[in-house]
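S.K.: Starting from these lines, generate the structure:
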Amino acid sequence: MLVNTGIPVLTDLAASGSGNSVHAAQIAAWQTVDGSPEFAVAREAEVLAVTEELKHLDAIPDVTATSLAGVVAKLEMIVGADREIDSPDDFPWSHIASVLRDMKAIVGDIGMDRPERATVRTDIARHWEAATKLVAALEEEDALERCGQTG
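M.R.: Predicted structure coming up:
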């Protein structure tokens with residue numbers, strides 16, 4: 001899993017062999033979490049979920065809206081994205097939010113429904129399983145490295 005993280009920069013580092021520092025930092029990060037494997041798994045599951053969400057957000061420019069409601073949906077995702085921005089009043093954020101308000105006044109609110117609980121639970125279970133495997137692999141690799149150093 002460390003060789004193919006699903007994050008191109010990390011995958012490239014791991015594949016080129018220069019990922020040792022990334023790998024060491026990842027092992028150190030989960031080891032310093034108050035010794036709780038459950039917390040480490042939860043943190044990794046959150047990272048996996050956020051990474052998946054960012055991939056969807058990054059795909060927005062490649063999706064063509066075929067209606068005004070589609071344009072409103074794209075703007076909703078852009079404005080609603082939790083981006084690291086200095087201020088939501090900075091250009092272009094206030095302008096984008098203004099366009100969204102104008103589009104909603106023309107088209108109407110598209111009613112951004114939340115996914116059903118079963119869907120959310122399925123996504124959580126998928127991320128939890130992947131994170132559990134990742135933490136177990138890190139623990140196993142760390143144990144092998146310790147055996148090699150002491151043996």
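S.K.: where along this structure do the helices fall?
M.R.: Secondary structure of the chain by DSSP state H: the helices cover 8-16, 20-31, 37-59, 68-80, 93-107, 117-150.
S.K.: for these, which one sits closest to residue 87?
M.R.: helix 93-107 (7.7 Å; C-beta to C-beta). (Glycine included, C-beta is placed from N, CA and C.)
S.K.: Can you tell me what sits against that closest one?
M.R.: 68-69, 71-72, 75-76, 78-79, 85, 87-88, 110 (C-beta atoms under 8 Å, 6 or more residues apart in numbering).
S.K.: Go again with 7 Å.
M.R.: 68-69, 71-72, 75-76, 78-79, 85, 88 (C-beta atoms under 7 Å, 6 or more residues apart in numbering).
S.K.: returning to that earlier point: adding mean pLDDT as columns, could you present the helices of the chain in a markdown table?
M.R.: Formatted as a markdown table, those follow (pLDDT from 0 to 100):
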| stretch | mean pLDDT |
| --- | --- |
| helix 8-16 | 42 |
| helix 20-31 | 53 |
| helix 37-59 | 87 |
| helix 68-80 | 85 |
| helix 93-107 | 88 |
| helix 117-150 | 86 |
